[in-house]
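> Compute the structure for the input listed below.
(2 chains)
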Amino acid sequence: MIDNPAQPAPRTCGCQLRKVLLEAAIVAVLGVAFAFLANQLSPRGLSPAMNYFPGDTTASQPPVAPVVPGQSSNGASAQPPPPSPAELLKERIKTNGLQFLDRAGVEKLFHDPRRQEDLIMFIDARDPDHFEQGHIPGAFEFYPYYPQKYLESVLTPCQIAEQIVVYCTGGDCEDSLSAAIYLRTAAGVSSGKLFIFGGGFTEWEAAKLPVETGQRNSGDLRNPAP
Amino acid sequence: MKRSFLPAALTAVDAANLLVRWLLGGLFIYMGWQKVVHPVLFLNLLREYHMVQNTTALNCIAIAVPWFEVFCGLLLIAGIAVRGTALLLAGMLAVFTAVVFHRALGVQAAQAIPFCSVKFDCGCGGGPEFICAKLPQNIGMFFLAVWLVASRFHRDPSRRATGPEDSTPAGSRHAGIEP
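Down below sits the predicted model:
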């Protein structure tokens, strides 16, 4: 290739840069279009408009740094330690007009004869894989991120039940709260009968209480009640 | 027609470009796919950054980023629009690295631990990682992307001079979207 002295190098550079920028812009547009199309076709796709965290009142607040006893940034006396994620969730349950239930309360409802008459209902708000691996016997599956998939199966039982216990993994898991709020707002389930088991499945399993594996009412039980 | 024979040094650059393209493309496909198959987990992790309050905007980011990464990875591997794609990836990596660094500082302050003991799932696709391992990874990928942007040689060595009409030196060509 023979160099052309009439063509200055900076012009070529600028041309190359423009070309790369234009290429990037085209890739960006095509990539975003591809992303939304693929999401639409994917069975696990998300809905752009749906509020997946309806009970979230603290989303805009970053985590608070703990205060080391005896130290203070402004010279004032030491403050109490910040609440744990589980305590924050408990507070959020109350703020959202729902009722918190501890393990003793859940156990009592589990052994209540009304459960056999479908007047007490359990709803598992964890993802389908965890549900298959183990859930509270007789619990309905309701993963709140894809509510339409499960709504039909839980709607009638929810209307019949007098008390509904919703749980997820426990700790700082919020899926039980999201599920309960969805059932209240979209399915018209009364707040008065919705209870959140704060300790969740982790606490249930740790207490060696009965666990059903596979689908609901599969009959495959771990730790069956004596 | 006379064929062009490339000097050995140029071939080495081409081979390096090919490797970088495949490495970066493969990494982005892997990381993007991890988010594609667990979109809810990614959405939750994204929310923990507390940077986007608008629900629709947050959902759109959670929808776009995973598939966009897969798309860019495929383009790099296929050798299409390499420099434009690499420029986008470099930009994304710069933003992601800054955001992850900022979050790590927050976690460090909240837990009162040394910076290198900070471990969390940044939503990058690799699960929970120590920040002092994650940042060099990201910076390394950023420089690989910059390498591709700066380079002018993107053709596979195997595709060079394949026909009598193909006598243009590879160094003067660019496999891209022709605007």
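
> so residue B:141 makes contact with residue B:27?
Yes - the criterion here is CB atoms under 8 Å, and residue B:141 meets it with residue B:27 at 6.6 Å. Just so you know, the C-beta spots here come from the backbone N, C-alpha and C atoms, and that holds for glycine as well.

> how distant is stretch A:120-131 from the center of its chain?
From the chain centre to the centre of stretch A:120-131 is a distance of 12 Å (CA atoms, centre = their mean, to the nearest Å).

> Quickly check: that stretch near chain B or not.
Yes - among the residues of stretch A:120-131, residue A:127 lie within reach of chain B under CB under 8 Å from any CB of the partner chain.

> what do you get for stretch A:166-180?
No - Stretch A:166-180 stays out of contact with chain B when judged by CB under 8 Å from any CB, the minimum separation being 8.7 Å.

> end to end, how far does that stretch reach?
7 Å (CA to CA, to the nearest Å).

> what's the following helix or strand after the helix or strand residue A:100 falls within?
Following DSSP states H and E, one finds residue A:100 within strand A:99-101. Once the chain leaves strand A:99-101, the next helix or strand it forms, by DSSP H and E, is helix A:103-110.

> Which other helices and strands does that next one contact?
Applying 3 or more CB pairs under 8 Å, 6 or more residues apart in numbering or on different chains; DSSP states H and E, we find helix A:103-110 packed against strand A:120-124, strand A:163-167, strand A:194-197, helix A:200-206.

> can you redo those as TSV with mean neighbour count, distance to residue A:108 and mean pLDDT?
Shown next, in TSV, are the helices and strands packed on helix A:103-110 (neighbours: other CB atoms under 10 Å in any protein chain shown; distance: least, CB to CB, whole Å; pLDDT from 0 to 100):
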stretch	mean neighbour count	distance to residue A:108	mean pLDDT
strand A:120-124	25	10	96
strand A:163-167	25	11	96
strand A:194-197	26	11	94
helix A:200-206	20	13	94
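
> mind checking which helix or strand whichever residue of chain B sits closest to chain A is in?
Closest residue of chain B to chain A, CB to the nearest CB: residue B:84 (2.8 Å). Using DSSP H and E, residue B:84 maps to helix B:82-111.

> For that helix, buried residues please.
Buried residues in helix B:82-111, counting neighbours by 16 or more other CB atoms under 10 Å in any protein chain shown, are found at B:82-90, B:92-93, B:96-97, B:100-101, B:103-104, B:106-108.

> how far does stretch A:212-223 sit from the chain's center?
Remark: stretch A:212-223 is offset 23 Å from the chain centroid, using CA atoms, centre = their mean.

> Can I get that stretch as CSV, trimmed to CA atoms?
Taking Å, rounded to 0.1, in the frame of the first residue of the first chain, the C-alpha atoms of stretch A:212-223 are listed here in CSV:
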residue,chain,number,x,y,z
GLU,A,212,-43.0,-33.0,52.5
THR,A,213,-40.8,-33.4,49.3
GLY,A,214,-41.9,-33.2,45.7
GLN,A,215,-45.3,-31.9,44.7
ARG,A,216,-48.0,-30.9,47.2
ASN,A,217,-49.6,-33.9,48.9
SER,A,218,-47.0,-36.2,47.4
GLY,A,219,-47.0,-38.2,50.6
ASP,A,220,-43.2,-38.2,50.8
LEU,A,221,-42.5,-37.1,54.3
ARG,A,222,-39.3,-36.4,56.2
ASN,A,223,-39.6,-36.2,60.0
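
> what residues does stretch A:35-49 touch?
With contact meaning CB atoms under 8 Å, 6 or more residues apart in numbering or on different chains, stretch A:35-49 is reached by A:52, A:145, B:36-37, B:39-40, B:43, B:56, B:59-60, B:62-68, B:70-71.

> Pull up the distance across it, start to finish.
OK, stretch A:35-49 end separation, CA to CA: 16 Å.
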